[in-house]
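> here is the input, now give the coordinates:
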Amino acid sequence: MKRVTRSKDKKYTEDTIRKARRQKIHWIRKCFFNPIGCA
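Purely as a prediction, here's the structure:
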């Protein structure tokens with residue numbers, strides 16, 4: 001039971017990190033092409 005929860009948490013964390021990274025990249029790209037809208 002503990003093992004299942006741990007793996008689930010790990011997967012959740014990885015998904016969250018991946019999503020955050022994608023958002024960050026998207027935000028940086030947006031800023032790069034539109035610095036006024038970024039500030």
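> for E14, see how far away the residue nearest to the spatial centre of the chain is.
Geometric centre of the chain, nearest residue: A20, 1.3 Å, by C-alpha atoms, centre = their mean. According to C-beta to C-beta, to the nearest Å, A20 stands 11 Å off from E14. (Each C-beta comes from the backbone N, C-alpha and C, glycine too.)
> who touches the least confident helix or strand in the chain by mean pLDDT?
Every helix and strand of the chain was ranked by mean pLDDT, DSSP states H and E. The lowest is helix 35-38, at a mean of 75. Here helix 35-38 makes contact (C-beta atoms under 8 Å, 6 or more residues apart in numbering) with W27, K30, C31.
> which of those residues sits closest to R6?
Distance to R6 across the contacts of helix 35-38 (C-beta to C-beta) is lowest for W27, with 31.2 Å.
> with adjacent residues omitted, what lies nearest to that closest one?
C38 (7.8 Å; C-beta to C-beta, 6 or more residues apart in numbering).
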